[in-house]
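>>> here is my input; please provide its structure:
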Amino acid sequence: MRIEQTSWTPGGGWSSATADSEADLLLVFGHRSYLRDPDLMTELQRRWPQATQLGCSTAGEILDVQVHDGTVTATAVRFESSRVVGHWRPLPNAESSAAVGARLASDLDPDGLRHVLVISNGIDVNGTALVRGLTENLPAGVSVTGGLAGDGADFHETLVVAGGEVGPRRAAVVGLYGPQLAVGYGSLGGWDPFGPERVITRSSGNVLYELDGQSALELYRRYLGEHASDLPASGLLFPLAVRDHGREESVVRTILSIDPEEQSMTFAGDLPEGSYARLMRANFDRLIDGAQEAARRSVLVPEGQPPQLALLISCVGRKMVLQQRVEEEVEAVREILGTTTPLTGFYSYGEISPLGIRGCELHNQTMTITTLAETPH
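Reported below is the predicted structural model:
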């Protein structure tokens, strides 16, 4: 596997002039306004004409151990023996999420499929339903990782890069094929629960109305105090831990939007009625520890083989908490994966990864890592 990485800034252009024209996969992450630039996207196509593109707008770009804002990063991958196939579909609204996931799964040839990378728009999407539609229609044993596009803390519009095009309201997948391909993954948060556990008494899919028979939006406003006027962005600092009845494991859900008239809150994934929810808040040290543990879980087998590429997808809420120390969580990943593994990725509105016996899930407020390597013939 050969990796080439470069970045673009408004003042400096591209950081390197060379390009591997035979690259198979191009991962592109950047600020929404720059991904809209047709000249920039034309340049990407010129540099890597054979590469299947996958990427999105972000809440921050990760390249090596640096976190950037207002740039575009490109990571070109040439595989020695693995095959790459990409597809994308329109995703017009949250209600279509499951169906779009199922169609994307059916687009992929199942023969020899090892892993699927998926990226979706990050607004007006039900990430839980998208993942369910995708995984229920893939062959057994095929793993899935990815994330939801971001738009800083603006929540205005998110873009997905696929098929040489950039646009909103879409989801894209890349299927990775080949017996020599090794894939690892890990996902962990690091948030502390506080306050009582409450029952979700009224919800519809990923829209929450009531906790313990009371308005969930009013409850959030009471806890946020002076930060309530900044919803939904300030809600990123106080996600919900959601636990199914009879289970000890919980998944984290974060706010995408609010509707004061309906007294509702829309989250990135489902909040089933009858489940339990508990507010969470940040613990700085545990966020860093969570990133490091996610890296440990992503380490490939056989042991001793360093990953040849690591894709890091972390949540915008973590970035808001860590602020100027945000690079510490990326450095913690580097400590585990070693100095030779190229790192790329972005800050997202949701992360997608398997989690224990629950199978693949949408997560929020986690550091999710996918590692790739090709084993010798």
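
>>> for Glu95, see how far away the residue lying closest to Ser120 once chain neighbours are set aside is.
Spatial nearest neighbour of Ser120, chain neighbours left out: Ala171 (3.9 Å); criterion: Cβ to Cβ, 6 or more residues apart in numbering. Glycine gets a C-beta too; all of them are placed from N, C-alpha and C. In this view, Ala171 and Glu95 are 14 Å apart by Cβ to Cβ, to the nearest Å.

>>> hmm, Ile119 is touching Thr58, no?
No. Using Cβ atoms under 8 Å, Ile119 is not in contact with Thr58; the gap is 10.5 Å.

>>> identify the contacts common to the two.
Residues touching both Ile119 and Thr58 (Cβ atoms under 8 Å, 6 or more residues apart in numbering): Ala149.

>>> can you give me the buried ones in stretch 201-215?
Arg202, Ser203, Gly205, Asn206, Val207, Leu208, Tyr209, Glu210, Leu211, Ser215 (16 or more other Cβ atoms under 10 Å).

>>> do stretch 255-269 as well
By neighbour count on 16+ other Cβ under 10 Å, the buried set for stretch 255-269 is Ile255, Leu256, Ile258, Ser264, Met265, Thr266, Phe267, Ala268, Gly269.

>>> nearest to Val316 among the buried residues of stretch 201-215?
Taking Cβ to Cβ as the measure, Asn206 is the one of the buried residues of stretch 201-215 closest to Val316, at 17.3 Å.

>>> surely that closest one and Pro272 touch.
No. The criterion here is Cβ under 8 Å, and Asn206 misses it with Pro272 at 10.0 Å.

>>> do you have the strands of the stretch 151-300 of the chain handy? List them.
Along the stretch 151-300 of the chain, counting by DSSP state E, counting those that start in this stretch, strands occupy 160-162, 165-167, 170-177, 181-188, 191-193, 198-204, 207-211, 214-215, 240-243, 251-253, 255-259, 264-267, 276-282.

>>> what's in contact with the shortest one?
When contacts are taken as Cβ under 8 Å, 6+ apart, the neighbours of strand 214-215 outside the stretch itself are Tyr209, Gln263.

>>> tell me the average confidence for it?
For strand 214-215, the mean per-residue pLDDT is 95.

>>> what lines up beside it in the sheet?
Strand 214-215 sits in its sheet next to strand 207-211 (antiparallel), going by DSSP bridges.

>>> kindly report the same for the last one.
As defined by DSSP bridges, the strand partners of strand 276-282 come to strand 191-193 (antiparallel), strand 198-204 (antiparallel), strand 240-243 (antiparallel).

>>> ditto for the second one
For strand 165-167, the pairing partners within the sheet under DSSP bridges are strand 160-162 (antiparallel).

>>> can you give the domain ranges for this structure?
As assigned by automatic domain parsing, the chain contains the domains 2-188+285-374, 192-280.

>>> residue boundaries of the helices in the stretch 101-250 of the chain?
Assignment of helices within the stretch 101-250 of the chain using DSSP state H, counting those that start in this stretch yields the ranges 127-135, 216-224.

>>> could you check the angle the first one makes with strand 255-259?
For helix 127-135 against strand 255-259, the angle between stretch directions is 130 degrees (axes from the mean of the first three to the mean of the last three Cα atoms, to 10 degrees).

>>> can you list contacts of helix 127-135?
Helix 127-135 is contacted by residues 91, 94, 97-105, 116, 118, 120, 144, 148, 171, 173, 205-206, 268-270, 350, 352, 359-362 when judged by Cβ under 8 Å, 6+ apart.

>>> which among those residues end up buried?
The neighbour-count test (16+ other Cβ under 10 Å) marks 91, 94, 97-98, 100-105, 116, 118, 120, 144, 148, 171, 173, 205-206, 268-270, 350, 352, 360-362 as buried among these.

>>> show me what the spatially most central residue of the chain is bridged to.
For the chain, the residue sitting closest to the mean C-alpha position, by Cα atoms, centre = their mean, is Gly147 at 2.2 Å. Following DSSP bridges, Gly147 is listed with bridge partners Ile119, Glu351.

>>> mind checking pLDDT for it?
On pLDDT, Gly147 comes in at 97.

>>> next, the contact list for it, please.
Contacts for Gly147 (Cβ under 8 Å, 6+ apart) come out as Cys56, Ile119, Ser120, Ile313, Phe346, Ser348, Tyr349, Gly350, Glu351, Ile352, Thr368.

>>> wait, is the last one part of a helix?
To tie it back to what came earlier, the one meant is Thr368. No. Looking at Thr368 with DSSP: H, G, I helix; E, B strand; the rest coil, it is strand, so not inside a helix.

>>> who's in contact with the residue lying closest to Phe79 once chain neighbours are set aside?
Excluding its sequence neighbours, the residue lying closest to Phe79 (Cβ to Cβ, 6+ apart) is Asp24, at 5.1 Å. Neighbouring residues of Asp24 by Cβ under 8 Å, 6+ apart: Gln50, Ala51, Thr52, Val77, Arg78, Phe79, Ser82, Arg83, Val84.
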